[in-house]
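J.: how would this look folded up:
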Amino acid sequence: MQRILYLYLNTGGGHISGARALKAGMENLFPGRAEGHLLHGYPPRLVLDRLVMEQGYSLAINHFMPGYLLVYKLAELRPLITLSQETTAQACAGYIASHIRRLGITKVVCLHFILEKAARDAIRQVDPAMPLVTVVMDPFSVPPIWFGVKDQEFCVFSERARRSALDEGVAPERVRVFPLMLRKEFERPRPPGEIPELKRRYGFDPDRPLLLLAGGGDGLPRSDRIVREALKDGFEGQIAVVCGKNMLLRRRLRDLRSRLGARDLKIYGFVDFMADLMAMADCVVTKAGPATVMETLALRKPLILSCYVRNQEKGNVQFVTSNKVGWYLTEPSDIVGKTREIFGKPELRRELEGRIAGLGIRNGLSDLARHIFEL
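T.: Numbering: from 1, shown residues only. Here you go, the predicted model:
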């Protein structure tokens, strides 16, 4: 029995969702042979540290991007990389080590760069021979801080990320490339015949196109402006917006729906049926998070990126635009115009689906889980 500890922080949805997906995938592949345990890497007593790291990240991304960009650039400086990981290790290594002992952990998988040194030091306190694996969650634009702790195994999601690891001095035999992890429900497109009934089940008209706006746990920034632009001239489609925990956005959209009498606008908070919403959608507008981008493309849906986290998600935008499988548009009028074009031109949709199919996107979760299990 392998008992695997998955370390994460709640900075964006990708880290904890990746940990959950990997744990579930591992246990499904190796029933009775693999047991997973998720652990937030910061001890509960570090209330301020959690607040700064997690809520600070969310506030910077959504409301003060210059502040985030400054931190991002500082994180490229080697002395600060060392200092930040060492400081975290001093605060967290003992806490992680106590869980390793209590749970009888045999292997540690890290899904956040700030926890790598803490994980390494915790392992040394318990059993220096225990494997440590870091799954690099940024697929294309990878900050150097991911590769600060070099005596471990790295799993990356592109050749570009592998080159970044080698440039930072990681030994080639310690880096393996895998297709990006996808949740099982996003592995392949739904049969077209299922979509009308799916739309009926969720209260949509099966004979009219559906625009989906979603952007992770904090919703899609400025999605209320996109909705207002669509509704002011009489949008021919239906609109669904997922706001996550962004209550202000949800309130603005509800006010907008009430003011304009927009019966074809559905507003959601957190949902556990995102795969169904994407399957129903005739166009998806989102930000350039790696999971959402790949999930949308795996379902072969027209994709519009309305924003991205500068530097960190730039590679995701480049992947979409250079392969001509979607668009990067920031102005609400341009987004609505492109959506209308997609809805009105079936040949454009078919051409786009062909290019997406040509990418050969597949779920790398099983390959990644097998690799980690065999280490």
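J.: what about the strands in the stretch 151-300 of the chain?
T.: 153-156, 175-177, 210-214, 238-242, 265-268, 283-287 (DSSP state E, counting those that start in this stretch).
J.: could you list every helix and strand that the fifth one packs against?
T.: Using 3 or more C-beta pairs under 8 Å, 6 or more residues apart in numbering; DSSP states H and E as the contact criterion, the elements in contact with strand 265-268 are strand 238-242, helix 247-260. (C-beta placed from N, C-alpha, C; glycine too.)
J.: change it to 10 Å
T.: strand 210-214, helix 223-232, strand 238-242, helix 247-260, helix 274-280 (3 or more C-beta pairs under 10 Å, 6 or more residues apart in numbering; DSSP states H and E).
J.: same check on the shortest one?
T.: The elements that strand 175-177 packs onto, with contact taken as 3+ C-beta pairs under 10 Å, 6+ apart, are strand 153-156, helix 159-167, helix 365-374.
J.: tell me how this structure divides into domains.
T.: Domain ranges of the chain: 2-177, 185-358, per automatic domain parsing.
J.: wait, which of those domains is closest to I372?
T.: domain 2-177 (5.5 Å; C-beta to C-beta).
J.: end to end, how far does the closest one reach?
T.: Length of domain 2-177, first residue to last, C-alpha to C-alpha, to the nearest Å: 23 Å.
J.: after the lengthiest helix in the chain, next one along is what?
T.: Across the chain, the helix with the greatest residue count (assigned by DSSP state H) is helix 78-103. On the C-terminal side of helix 78-103, the nearest following helix or strand under DSSP states H and E is strand 107-110.
J.: adjacent strands (with direction) for that next one?
T.: Sheet neighbours of strand 107-110, with direction, are listed as strand 2-8 (parallel), strand 132-135 (parallel) (DSSP bridges).
J.: residue contacts, S164?
T.: By C-beta atoms under 10 Å, 6 or more residues apart in numbering, S164 lies in contact with 136, 138, 140-144, 146-147, 156, 158, 170, 175.
J.: quick one: which of these sit in helices?
T.: Using DSSP H, none of these sit in helices.
J.: tell me the one of these nearest C92?
T.: Nearest to C92 among the contacts of S164: W146, at 17.4 Å, using C-beta to C-beta.
J.: would you confirm that that closest one contacts R162?
T.: No. W146 lies out of contact with R162 (C-beta atoms under 10 Å); the separation is 11.7 Å.
J.: in a markdown table, list the domains of the chain along with mean pLDDT and distance to I372.
T.: A markdown table is the format used below for the domains of the chain (pLDDT from 0 to 100; distance: least, C-beta to C-beta, whole Å):
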| stretch | mean pLDDT | distance to I372 |
| --- | --- | --- |
| domain 2-177 | 87 | 5 |
| domain 185-358 | 92 | 19 |
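J.: what residues sit buried inside stretch 37-54?
T.: Across stretch 37-54, burial judged by 16 or more other C-beta atoms under 10 Å covers 37, 39-42, 46, 49-50, 53-54.
J.: show me what the residue nearest to I105 when sequence neighbours are not counted is bridged to.
T.: The shortest distance from I105 to any non-neighbouring residue, by C-beta to C-beta, 6 or more residues apart in numbering, is to L5 (4.6 Å). Beta-bridge partners for L5, by DSSP bridges, are H37, V108.
J.: now for the helices and strands packed on strand 175-177, which one comes closest to F235?
T.: Taking C-beta to C-beta, helix 365-374 is the member of the helices and strands packed on strand 175-177 nearest to F235, at 36.7 Å.
J.: format the helices and strands packed on strand 265-268 as JSON lines; extra columns: mean neighbour count.
T.: Formatted as JSON lines, the helices and strands packed on strand 265-268 follow (neighbours: other C-beta atoms under 10 Å):
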{"stretch": "strand 210-214", "mean neighbour count": "25"}
{"stretch": "helix 223-232", "mean neighbour count": "21"}
{"stretch": "strand 238-242", "mean neighbour count": "24"}
{"stretch": "helix 247-260", "mean neighbour count": "15"}
{"stretch": "helix 274-280", "mean neighbour count": "20"}
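J.: want to throw the ones you listed into a markdown table with distance to T296?
T.: As requested, those are exported to a markdown table (distance: least, C-beta to C-beta, whole Å):
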| stretch | distance to T296 |
| --- | --- |
| strand 210-214 | 9 |
| helix 223-232 | 16 |
| strand 238-242 | 13 |
| helix 247-260 | 20 |
| helix 274-280 | 6 |
